[in-house]
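A.B. asks: Have a look at this prediction, sequence included:
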Amino acid sequence: MKLKGAQIFIRCLKEEGVNTIFGYPGGAVIDIYDELYKSDIQHILVRHEQGAVHAADGFARSSGRVGVALVTSGPGATNTVTGIATASMDSIPIVVFTGQVPTHLIGNDAFQECDITGITRPCTKHNYLVRSVEDLARTIKEAFYIARTGRPGPVLVDLPKNIMAAETEYDPAAIKINSTLESSPKPVSKKFVQMMEMLKASKKPLLLTGGGVILGNASEELRAFSRRARIPVTSTLMGLGAFPGSDPLWLGMPGMHGTYYANMAISHCDLLITIGARFDDRVTGKIDTFAANADIIHIDVDPSSINKNIVADLPIVSDAKSALEIVNRMLKDHSFTASDAQRKDWLDEIESWKQKAPLSYTQGNSVIKPQFVIEKLYEITKGSAIITTEVGQNQMWAAQFYKYDHPNTFISSGGLGTMGYGFPAAIGVQFAFPDKLVVDIAGDGSLQMNIQEMATAVQYNVPVKIVLLNNGYLGMVRQWQELYYGKRYSHTDMTYQPDFVKVAEAYGMVGLRATKPDEVEATLKKGLSIPKPVLMDFQVCREECVYPMVRPGASISEMTLGTREMIN
C-alpha cells in the first residue's frame, strides 16, 4: 500500500509496541500530529520539550521499555538536549523524534532550522537524519533496535517536513534492518572458571553492582548469587533496588555520600566483583586507594567501560544476566554454597562498621529534619512506592533513608545530575504504572526547573506526589560552601521563592504544608491518600548537611561523619 511518511511513522510506532509518547507540537511535525489525531497512540502534551524527554526517560527506567518523545524543529529540538544527555549518561533506552525543515532548505538558515544531529552526536548512542521517505520505516526500526540492544541508550531521528508529507509503498514484511549495528557480546566461559577460582580463594569478597544489573534484568540472578555465596552487596546510585535494601547482606551505597560500612568494605575486601558499574569518580574517590587490597573482577556489557577508570584483574565483557546465569550454574554444579561460618570473620567485621557509624541524624521538636521526612515516607508506604528524585541533597537522602527492595523503583539522574529531572520523570513513571504510587522527592531549587509540568499532571490527572524538602537553599552547593569555602554562601540562598502551595493550587494541584516535626506524618498520610497530583511542602532545617561525605580527591575510607572525621 502507498502511505505518507507521517502514516508510516504511526505504523512503525505501533509495530514497536509503543502506546504512549510524550511531546510538544510545532510546524515541522504538524503532519505527524494530524495522524496522531486519528491514532489510538496516547500522546501526552508536556509544557516543555525537556519535560517530554525526562518523562520518556522515566517511562523507560520504570518499565524496561523504550521511551518515546516527539518535538518540533529548531528550539523544540534543542530543548531536548539536556534530557538526551541525561539518558545517555545513565544508558537509558529512549528514541527522540525531532522535526526538521524540508530537505531542500537544510543549510539555508530556514525558520526554526538547526543541525540537531550534529548537536546531539556526542550524547546519543546513534542518530539519523532521514533524507528519503523510502528510508523512513527502516530508520525507525533501527532506532528502536539500537536503543534497546547491548548497552542501551538514546537514539535521535530527525524528520524533515517534506519527508512526512511524501508517499511511498509500505510493506512491513520487506523492511530489513542492519542488525550488525549493535549486538550483545557472548561471554567467554574460561573467564568464569578463573572467576570461580578467585572466589573460592577469597576470604573477604564483596559485590559492587550498578545500573547494568537493572538494565540487564539480572536482579534475581544477583540475589541468588549473593545469597548462595554469602557475599555482601553495595550498589551505585543507579543500581539501587537490584538487591533488597532490607536484606542483611545489603551495605547501602558507596562513594562520596555512601555508607561508612560500604566504603570500609570496599577498602578492606580481598575480592571486588563489580557488575554493570563503570567506576564513576563519585564512587571511587581517590583512584590509587580504591579497593587497594582487592583483586578486581569487572563484568560489563560495554568493553569501553572496562579498564577505563579502574584496571581490572579479570575483565569479562558480558551483559549482567548472562554472566550471572553462568556463575550461578557453576556454583550449583560444584555444589558451592558458602556458610555464615565461612564468612563469619568478614561479616562480623562489616557488622562492627555498621555499629560504629550507622546512617543517623537527630530529630528535635522544633525543626523538621529532611531525613525524618524520608524515613516517615518509607514507613507509611512500606517501601511500595516508586521514587523519583531531583538532584542534590534531596537525592542523596532519598538514596540513604528509603529502602528499595525491587528494581526499577528508584528513578534518578545519576551521571549527568540533572536538576529538574524528577518531576517530569515521575509523570512518565505514572503513565507506565497508573495504579502504583509514584513520589518525586524534590528540592526547592530543582523543582523550579520544570515546575511547568504541573499543568501536564493536572491535565491528565496523573496522581504523582511531590515531597518537597524545602530548605531555601541550593542545598548541595551550599553544603560545599559551608565545608570548603568558609561559609561564603555565594548565590545559593533561595529564600526569595514562590509559595509552593499556592503555585500548586494555581495549577490545579492539591497543596499541603508542614512546618513542624509533629505535622510530618499527618501531612504525608493525607497527601498520599488523595487521588490527585499533590505537592507537600516540608520546610526543613536550612543548613542540614548530607553525611557521610568524602571530600573531593580523598580516599573513600576517609569520611566526614557529621562533626568528626573517621579515617581508616
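C.D. replies: Everything's here; your move. Numbering: from 1, shown residues only.
A.B. asks: is it true that A165 touches I8?
C.D. replies: No. Using CB atoms under 8 Å, A165 makes no contact with I8, being 11.5 Å away. Using the backbone N, CA and C atoms, a C-beta is placed for each residue, glycine as well.
A.B. asks: Would you mind telling me which of those two has the busier surroundings?
C.D. replies: Taking other CB atoms under 10 Å, A165 and I8 do not tie; I8 has more neighbours (23 against 14).
A.B. asks: Settle this for me: the more buried one is touching V133, isn't it.
C.D. replies: Yes. Look at I8 against V133 with CB under 8 Å: they come within range, at 7.3 Å.
A.B. asks: Report the set of residues contacting both of those two.
C.D. replies: Common neighbours of I8 and V133 (criterion: CB atoms under 8 Å, 6 or more residues apart in numbering): T168.
A.B. asks: separation between the residue nearest the centre of the chain and R343?
C.D. replies: Centroid check for the chain by CA atoms, centre = their mean gives S412 as the closest residue, at 3.9 Å. For S412, the distance to R343 equals 31 Å [CB to CB, to the nearest Å].
A.B. asks: can you count the residues close to P533?
C.D. replies: 27.
A.B. asks: before we move on, what about F500?
C.D. replies: 23.
A.B. asks: P552 now?
C.D. replies: For P552, using other CB under 10 Å, the count is 12.
A.B. asks: my guess is it is in a helix, correct?
C.D. replies: No. Going by DSSP: H, G, I helix; E, B strand; the rest coil, the assignment for P552 is coil, not a helix.
A.B. asks: Could I get the phi/psi values of it?
C.D. replies: Dihedral pair for P552: phi -50, psi 130, per degrees, to the nearest 10.
A.B. asks: Domain map for this protein?
C.D. replies: 2-181, 189-356, 370-539 (automatic domain parsing).
A.B. asks: and the last one, what's its mean pLDDT?
C.D. replies: In this model, domain 370-539 carries a mean pLDDT of 97.
A.B. asks: Who are the contact partners of the closest residue to Q371 other than its chain neighbours?
C.D. replies: Distances taken as CB to CB, 6 or more residues apart in numbering put Y361 closest to Q371, at 4.4 Å, once the chain neighbours are dropped. By CB under 8 Å, 6+ apart, Y361 lies in contact with K369, Q371, F372, E544.
A.B. asks: for Y33, same thing?
C.D. replies: Contacts of Y33 (CB under 8 Å, 6+ apart): P25.
A.B. asks: ok so, going back, next up, the contacts around the residue nearest to the centre of the chain.
C.D. replies: Applying CB under 8 Å, 6+ apart, the residues contacting S412 are L237, M238, T388, T389, V391, Q395, A398, A399, Y421, G422.
A.B. asks: Looking at those residues, spot the one nearest P254.
C.D. replies: Nearest to P254 out of those is L237 (CB to CB; 9.7 Å).
A.B. asks: out of the contacts of Y361, what pair is the most spread apart?
C.D. replies: Maximum distance among these (CB to CB): 10.1 Å, for F372 and E544.
A.B. asks: got the contact list for stretch 111-127?
C.D. replies: Under CB under 8 Å, 6+ apart, the answer for stretch 111-127 is 26-28, 72-78, 80-81, 84-85, 88, 98, 100-101, 105-106, 128-129, 143, 146-147, 151-158, 181.
A.B. asks: Show me which of those are buried.
C.D. replies: 26, 28, 72-74, 76-78, 80-81, 84-85, 88, 98, 100-101, 106, 128-129, 143, 146-147, 151-158 (16 or more other CB atoms under 10 Å).
A.B. asks: Can you lay out the domains of the chain as JSON lines showing distance to V550?
C.D. replies: Output for these, formatted as JSON lines (distance: least, CB to CB, whole Å):
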{"stretch": "domain 2-181", "distance to V550": "21"}
{"stretch": "domain 189-356", "distance to V550": "5"}
{"stretch": "domain 370-539", "distance to V550": "11"}
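A.B. asks: Looking at those, spot the one closest to S557.
C.D. replies: Of those, nearest to S557 by CB to CB is domain 189-356, at 4.1 Å.
A.B. asks: Quick one: end-to-end distance for that closest one.
C.D. replies: 41 Å (CA to CA, to the nearest Å).
A.B. asks: So what's the model's average confidence on that domain?
C.D. replies: Summarised as a single mean, pLDDT over domain 189-356 is 95.
A.B. asks: how about the strands in the stretch 301-450 of the chain?
C.D. replies: 314-317, 386-389, 410-411, 438-443 (DSSP state E, counting those that start in this stretch).
A.B. asks: Please state the offset of the shortest one from the chain centre?
C.D. replies: If I follow you right, that is strand 410-411. How far strand 410-411 lies from its chain's middle: 6 Å, per CA atoms, centre = their mean, to the nearest Å.
A.B. asks: Parallel or antiparallel, list what pairs with that strand.
C.D. replies: strand 386-389 (parallel) (DSSP bridges).
A.B. asks: contact partners of the partner strand?
C.D. replies: Outside strand 386-389, the residues touching it (CB under 8 Å, 6+ apart) are 58, 62, 395, 398-399, 402, 404, 408-413, 421-423, 425-426, 429, 433, 436-442.
A.B. asks: and those residues, which are buried?
C.D. replies: Members of the contacts of strand 386-389 classed as buried by 16+ other CB under 10 Å are 58, 62, 395, 398-399, 402, 404, 408-413, 421-423, 425-426, 429, 438-442.
A.B. asks: Return the subset of the contacts of strand 386-389 lying in helices.
C.D. replies: Taking DSSP state H as the definition of helices, these contribute G58, S62, Q395, A398, A399, G422, F423, A425, A426, V429.
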